[in-house]
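J.: here is the input, now give the coordinates:
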Amino acid sequence: MKPEDTIFVAGHRGMVGAALVRLLRSRGFTNLLLRTRSELDLCDAHAVRNFYEKHQPAYVLIAAAKVGGILANSTQPVEFLSENLQIELNLINGAYAHKVKKLLFLGSSCIYPKFAPQPMTEDVLLTGSLEPTNEAYALAKICGIKLCQAYARQYGTNFISAQPTNLYGPEDNFDLQSSHVLPALLHKFYLAREKNQKSITLWGTGSAFREFLHVDDLAEACLFLMESYDSPDLINIGCGEDIRIRDLAELVGKVVGFTGQIEWDSSKPDGTPRKLLDVSKLNKLGWTAKIPLEEGLRSTYRWWVEHGQSQR
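T.: Next comes the predicted model:
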């Protein structure tokens, strides 16, 4: 990609899209196509076709999706499946119809089987059943991946797919009803500290393991792949290390300054027991994550305290 190339970042107001925009601008890319939902409804096939026809982007980065944590996924499977399918179909079909040079579709680590061998390599896709609490979202992401691969193999397009691990960072969703585990923990511990609570109760047993990648590291990996990876085969993006949720909770408490007791409600689900991506394929290409978890947590918490007023 050259600095003057037209690049469409779909979903630029989300955590991932915002990180991509920050990085692209810092690298001198000036011709970015950015549209809010009110300006372009990605679920509207006609509107997306008109957008492609008018602006003719050379490159497309798909960071747009309906996302959420266990609660949101469990209670809104119709929306998570149908909206994500519509977004993917419209953006990927439109990219082919208007001869986009290269497209990056971002999947998710939840596409892999619930009990996949750890760490999860790219070839375990569709070898077992999915985690029920986010099955709808995972199915939609798998369809987007398969559509990119179908276009690449049938028509020779340069449409690639990458699977990020659990993400966190600036512009994340900290709403307690719809957020993922890490921003939810930051928010809960903040409230507990502000109310001088002696204890805090968290979902599950805390025994599950999760891998976390700062969104700025993800953005760096995406740009690296856009410049150096041209295969339709899947590629994982992660840091290669995971942490037990109990230990994560203690680390978040430390970052926020909560000194009370942490209690666990075992009647609530843990989700997948472990989710660690095998990132050896990406590492061999020459990219590795750089932001340590505690450092990333502290910067994310500072951002939320300074900018996340509406979510508190």
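J.: alpha carbons only for contacts and neighbour counts from here, please
T.: Noted.
J.: where exactly do the strands run in the stretch 201-312 of the chain?
T.: 209-214, 235-237, 242-244, 261-265, 274-275 (DSSP state E, counting those that start in this stretch).
J.: possible to save these as CSV with mean neighbour count and distance to residue 155?
T.: Shown next, in CSV, are those (neighbours: other C-alpha atoms under 10 Å; distance: least, C-alpha to C-alpha, whole Å):
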stretch, mean neighbour count, distance to residue 155
strand 209-214, 22, 33
strand 235-237, 26, 21
strand 242-244, 18, 38
strand 261-265, 14, 51
strand 274-275, 25, 34
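J.: starting at the chain centroid, how far to the worst-scoring helix or strand of the chain on mean pLDDT?
T.: None of the helices or strands of the chain scores lower by mean pLDDT, DSSP states H and E than helix 70-75, at a mean of 80. The chain centroid and the centroid of helix 70-75 are separated by 16 Å under C-alpha atoms, centre = their mean, to the nearest Å.
J.: right, and the helix or strand after it?
T.: Counting by DSSP states H and E, the element after helix 70-75 in chain order, helix or strand, is helix 77-97.
J.: so how far is residue 30 from residue 110?
T.: Counting by C-alpha to C-alpha, to the nearest Å, the gap from residue 110 to residue 30 is 33 Å.
J.: comparing these two, which residue is more hemmed in?
T.: Neighbours were counted for residue 110 and for residue 30 using other C-alpha atoms under 10 Å; residue 110 has more, 22 against 16.
J.: contact partners for the more buried one?
T.: 130-131, 134, 138 (C-alpha atoms under 8 Å, 6 or more residues apart in numbering).
J.: over to residue 275?
T.: Contacts for residue 275 (C-alpha under 8 Å, 6+ apart) come out as 109, 118-120, 209-211, 242.
J.: kindly recompute the last result at 7 Å.
T.: By C-alpha atoms under 7 Å, 6 or more residues apart in numbering, the contact set of residue 275 is 209-211.
J.: next, give phi and psi for the closest residue to residue 270 other than its chain neighbours.
T.: Nearest non-adjacent residue to residue 270, counting by C-alpha to C-alpha, 6 or more residues apart in numbering: residue 204, 4.8 Å away. Dihedral angles of residue 204 (phi, psi; degrees, to the nearest 10) stand at phi 80, psi -160.
J.: distance check, residue 204 against residue 27.
T.: 42 Å.
J.: just send the contacts of residue 275 back as JSON lines, with pLDDT and distance to residue 22 too.
T.: Converted to JSON lines, those look like this (pLDDT from 0 to 100; distance: C-alpha to C-alpha, whole Å):
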{"residue": "209", "pLDDT": "93", "distance to residue 22": "30"}
{"residue": "210", "pLDDT": "93", "distance to residue 22": "26"}
{"residue": "211", "pLDDT": "96", "distance to residue 22": "24"}
